[in-house]
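Participant: Just the structure for this:
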Amino acid sequence: MALGGSVGRANRARRRLGVRCAAMDCPRNREAADLRGFERRAARPERHPSRRRRRTRAAPGARDRHADLERIGLRVGRRYAPGTPALTTPSRLAMRAPQKVMGMRGISHRPPSHFTTGSIGLTAALASVAVLAQPPLEGLSLETAIETLERAGLRVFYSSAVVQPTMRVLEQPTGRDARDWLRELLAPHGLTLAPGPRNSVLIVKAPTPTPVPAVPRAHDDPDPPARPPPIEEIVVAASRYELARPAVGEPFRLAGTDLEALPDLGDDSLRAVQRLPGAATNGFNARANVRGGEVGELLVRLDELRLYDPYHLADFQGIFSSIDPRIVSTMDVYTGGFPAAFGDRMSGVIDVSSLTPPTPRYHEIGVSFFNASGLSAGTFGDENGEWLASMRRSNLDLLYSSFSELPERPRYLDAFGKIAYRLSDSLRVTMNVLYSRDDVTLNDDLDVEESARSNHEDHYVWLRFEHTPSTSLSGSTLIARSTLSGNRIGSTAKPGVSTGRLVDRRHSVLHTVQSAWTWRPPSAQRWSAQFGATLGRARGRYEYRDAVAFDVLLADAEPAALERERDLTVAPDGAQRALYGAVRWQPTPKLALDVGTRWDRQTLDSEDFRSVGPRLGVRYRIGDRTSLVASRGRFEQTQAIHELQVSDGEQRYFPPQRSRHSVLGVEHELAGGIRLRFEAYEKDMSRLRPRFENLLQSQTLLPELKPDRVRISPDSARARGFEVLVQDGRAARLDWWASYSHARVSDRLHGTQVLRSWDQPHALSGGLGWETPLWNVSIAAIHRSGWPRTAILELDDGDVPRIVAGARNGERAGAFRTLDIRVTRAFPLRRGELSAFLELTNALDRDNECCVEYEVERDSLGEPELGLSPLGYLPRVPSLGVVWAF
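Facilitator: Below is the predicted model:
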């Protein structure tokens, strides 16, 4: 079972379509540019390395074959070298709308049980379609014949310098299987096969016979040792995972199952993070708390550009991300101790690289209960240029129209476009556009609480220049404009709680110029340097009004009076600057170091904030299969221009928050391909800005208008824990993975340690996958401790009714459990492939505790009494859809 969410739709479809290899272009870090694994060059021989379009990953067993790979122009990525495993996920999330939203009783409309049963039967009934027969090979070009054999399931990697376009199949092969056929096809051209990673094969030149020496030797000279990997290819950082859209013909897996097979809620690429060790989530919000941090402490980048809160329905729990999983090639995820190239967030990094077209023309069309989408990609200009376009439109509004009489009409749309062209061997230019829009109208219950409307629109446009002025210097420069616009209306009227109203309009524009470089002199065999800078300017405007009349107050909560009226207009303006530098050094073959520092400065209005963050990463190889990893550093986070907490009454930006990370880990690979990973960590957080939470009802639509809103101003915070990950790295039909996390995170409030609301001492997750050429069945499960909550002691019925609560987070909800299932069936067509899938989220329909809904009522004597109604997270949610790849 693959770990993570979905970052792609039709990997297996592309494999059977004969696509040789999907490129995983991720140029955002020049010091890690070669870590993308095996590279198969584009059409012309001896092309510049940055023209390579098709890549995949090396497995641990490929270490002893580096010499063969380097001879044919392929480079082995050391993500899978001993002690440097990359955690990956197969690619595909099916969009499903939540049938039950916490606290929204009016929209809890579940499909009848026979619907799910009928959907499974419909999917199973399609199993009778046969696989298309293979065409004859004689007379085809050698490249076309190889693609044909790949459709039969053979994974092949080669360089265009070895397999020439003029080579043709001279006669029909007569071997027993596809591997024997390929060996026969290659022999007349002086080529042969070498073992590759994960049951793949490499096409190499056949060895030339060496003349027998005149004087017999007493013994053969030993083979020369394989050259050590370049320092840029060694992953030094701890707490690093890679979630990838699988390359066609070589799925990049946690345990052998493609990303597309993982059952999860929604077509959402960023939900993958929630299954990583150290992540805390409630299964509803697409954001995650990583190692005790808040949800806003993750840096999200797409093709090197920072994205600001990239979530749909961001004002209402952020249910889905705005990055279509089909455009994703890879996601590098750091859950701590990340390098100096990443800054201004203090918990983790999600670094996303967009897809490079896998073929000259490739298209996808998908429809599910919860979205309709399309993707088109291709190349032009003798493969010097490429383009990618994707659009996704939510079907949630149509679903609500069918199942609900209430006015919920959540709609969202996102689109991505990219066009790139190589002007010369030293310069490549790429233009990117990302657009997302939400048009949401929600209603909890017409009789009790109503409405919340939000129109949100984000535009990102950026131009990227990739430079290679010399063999020792490479880098990229980015020029961007980001526009963030939001419009909230509000208006909640709930007798016994509050009356409401809210207007929140905001608009921000950010201009950014950033550059990142890697320098490695020709004489430097054991070190390289990375450096970069960012210049930015931001302008914004906030208009905020409030009005709220409370019927009840919570003791010690933020609302201190029954009436409240606010009005605010601010227009922040400021600049942001950053510099970083790092040196990666390998003093011995077993020891690698990454030493760097980062300087950030932000000015907003009259505030001027500066911060310095030193970083250190260490990797030490104990043996061929075991490594020690460690990271230590200081990470600081400023408030972005759009993060001013105006709706909670804040009118100023706070100084940067600070976090110190310490990570120590061991990575080991067993002889059978099982990979083990253990990490212990500690995070000390200080200079924390205030945050606001709802003590009782955490999943409300308009949290700022509720009397249980509390202001939390910790002096400091600390997170400690350890994580264990076991994953099956073997390529097999049946695979699995499992992880366990133990953690404790608390705030220091007025000299007392208080658990954070997402503290979970124990978390266990795992998955199982089974795959055949046409079927894929995946099961994933999560079991974790319930999150802390605050008990209600009594209702003080004085002049002002007040709810008296117990110790903050003094109790704990019941354990959270969910079992998710996905079944996929592929149907080869004359043109392309059709995949049908059925998914069940929370298949056992477990009622996981969330929070409580409350109101003050009058009894028969007219005395006030507090009514509490427990709420749960998502019930069983089915999803059915199809994807046509051609």
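
Participant: Every contact and neighbour count from this point should use C-alpha atoms.
Facilitator: Fine.

Participant: any weak-confidence spans in the stretch 551-700 of the chain?
Facilitator: Across the stretch 551-700 of the chain, the ranges flagged by pLDDT under 70 are 556-558, 560.

Participant: ditto for the stretch 701-850 of the chain
Facilitator: Confidence mapping of the stretch 701-850 of the chain against pLDDT under 70 gives the ranges 729, 731-732, 797-799.

Participant: And for the stretch 1-150 of the chain?
Facilitator: Using pLDDT under 70, the flagged stretches of the stretch 1-150 of the chain are 1-135.

Participant: Buried residues, stretch 635-655. List them.
Facilitator: Across stretch 635-655, burial judged by 16 or more other Cα atoms under 10 Å covers 635-639, 641-642, 644, 646-648, 652-655.

Participant: what sits up against that stretch?
Facilitator: Stretch 635-655 is contacted from outside by 297, 343-347, 484, 504, 506-508, 538-540, 542, 544, 546, 566, 568, 570, 572, 602, 604, 607, 609, 611-613, 656-661, 687, 689, 692, 704, using Cα atoms under 8 Å, 6 or more residues apart in numbering.

Participant: residues near residue 857, how many?
Facilitator: Residues contacting residue 857 under the criterion other Cα atoms under 10 Å number 15.

Participant: Okay, helices next: where are they in the stretch 501-650 of the chain?
Facilitator: Assigned by DSSP state H, counting those that start in this stretch, the helices in the stretch 501-650 of the chain number zero.

Participant: can you pull out the strands in it?
Facilitator: 502-519, 527-546, 553-554, 567-570, 573-588, 591-604, 607-621, 626-637 (DSSP state E, counting those that start in this stretch).

Participant: Next up, identify which helix or strand residue 183 is on.
Facilitator: Element membership for residue 183 (DSSP states H and E) is helix 178-186.

Participant: List the neighbouring strands of the helix or strand just after that helix plus their orientation.
Facilitator: Heading C-terminal from helix 178-186, the first helix or strand you meet, by DSSP H and E, is strand 191-195. Applying DSSP bridges, strand 191-195 is found paired with strand 201-205 (antiparallel).

Participant: With only the CA atoms kept, save the partner strand in CSV.
Facilitator: Only the C-alpha atoms of strand 201-205 are listed here, as CSV (Å, rounded to 0.1, in the frame of the first residue of the first chain):
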residue,chain,number,x,y,z
VAL,A,201,16.3,-4.0,-17.5
LEU,A,202,18.9,-1.6,-18.8
ILE,A,203,20.0,-1.6,-22.4
VAL,A,204,23.8,-1.3,-22.6
LYS,A,205,26.5,-1.9,-25.2
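
Participant: got the angle between it and helix 178-186?
Facilitator: Counting by axes from the mean of the first three to the mean of the last three Cα atoms, to 10 degrees, strand 201-205 lies at 20 degrees to helix 178-186.

Participant: re the thing from before, take the strands of the stretch 501-650 of the chain and write them to a markdown table, including distance to residue 270.
Facilitator: What follows is these, written out as a markdown table (distance: least, Cα to Cα, whole Å):
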| stretch | distance to residue 270 |
| --- | --- |
| strand 502-519 | 23 |
| strand 527-546 | 25 |
| strand 553-554 | 36 |
| strand 567-570 | 32 |
| strand 573-588 | 26 |
| strand 591-604 | 26 |
| strand 607-621 | 26 |
| strand 626-637 | 21 |
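
Participant: Relative to residue 788, which of the ones you listed is closest?
Facilitator: Closest to residue 788 of those is strand 553-554 (Cα to Cα; 18.4 Å).

Participant: which helices and strands does that closest one pack with?
Facilitator: Other helices and strands packing on strand 553-554, by 3 or more Cα pairs under 8 Å, 6 or more residues apart in numbering; DSSP states H and E, are strand 801-805.

Participant: Run through the neighbouring helices and strands of the strand it packs on.
Facilitator: Judged by 3+ Cα pairs under 8 Å, 6+ apart, strand 801-805 is in contact with strand 553-554, strand 792-797.

Participant: can we see that at 10 Å?
Facilitator: Helices and strands touching strand 801-805, by 3 or more Cα pairs under 10 Å, 6 or more residues apart in numbering; DSSP states H and E, are strand 553-554, strand 792-797, strand 849-858, strand 864-872.

Participant: Identify, out of those, the most deeply packed stretch.
Facilitator: Highest mean neighbour count of the helices and strands packed on strand 801-805: strand 553-554, a mean of 23 (counted as mean count of other Cα atoms under 10 Å).

Participant: residue closest to the middle of the protein?
Facilitator: residue 270 (3.7 Å; Cα atoms, centre = their mean).

Participant: Excluding chain neighbours, what is closest to that one?
Facilitator: Excluding the flanking residues, the one nearest residue 270 by Cα to Cα, 6 or more residues apart in numbering is residue 321, at 6.2 Å.

Participant: likewise residue 879?
Facilitator: Spatial nearest neighbour of residue 879, chain neighbours left out: residue 839 (5.0 Å); criterion: Cα to Cα, 6+ apart.

Participant: Kindly export the one helix or strand residue 429 maps to (C-alpha atoms) in PDB.
Facilitator: Per DSSP H and E, residue 429 falls inside strand 427-442. C-alpha atoms of strand 427-442 as PDB (Å, rounded to 0.1, in the frame of the first residue of the first chain):
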ATOM      1  CA  LEU A 427      19.100  28.500 -21.100                       C
ATOM      2  CA  ARG A 428      15.600  27.200 -20.700                       C
ATOM      3  CA  VAL A 429      12.500  29.400 -20.100                       C
ATOM      4  CA  THR A 430       9.300  28.300 -18.500                       C
ATOM      5  CA  MET A 431       6.000  30.300 -18.000                       C
ATOM      6  CA  ASN A 432       3.600  29.000 -15.300                       C
ATOM      7  CA  VAL A 433       0.100  30.000 -14.400                       C
ATOM      8  CA  LEU A 434      -2.000  28.700 -11.500                       C
ATOM      9  CA  TYR A 435      -5.600  29.800 -10.900                       C
ATOM     10  CA  SER A 436      -8.000  28.800  -8.200                       C
ATOM     11  CA  ARG A 437     -11.500  30.000  -7.300                       C
ATOM     12  CA  ASP A 438     -14.100  29.100  -4.600                       C
ATOM     13  CA  ASP A 439     -17.700  30.100  -4.800                       C
ATOM     14  CA  VAL A 440     -19.300  28.700  -1.600                       C
ATOM     15  CA  THR A 441     -22.700  29.100   0.000                       C
ATOM     16  CA  LEU A 442     -23.100  26.900   3.100                       C
END
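
Participant: just to revisit the earlier point, with respect to residue 326, which of the strands of the stretch 501-650 of the chain lies nearest?
Facilitator: Closest to residue 326 of the strands of the stretch 501-650 of the chain, according to Cα to Cα: strand 502-519, at 26.6 Å.

Participant: before we move on, back to that, output the helices and strands packed on strand 801-805 in TSV, with distance to residue 721 appended to each entry.
Facilitator: Converted to TSV, these look like this (distance: least, Cα to Cα, whole Å):
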stretch	distance to residue 721
strand 553-554	34
strand 792-797	30
strand 849-858	24
strand 864-872	28
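
Participant: which one of these lies closest to residue 630?
Facilitator: That would be, of those and by Cα to Cα, strand 849-858, which comes in at 36.4 Å.

Participant: what lines up beside the closest one in the sheet?
Facilitator: By DSSP bridges, strand 849-858 pairs with strand 864-872 (antiparallel).

Participant: Show the subsequent helix or strand relative to the partner strand.
Facilitator: Next element after strand 864-872 (DSSP H and E): strand 877-885.

Participant: Nothing else from me, thank you.
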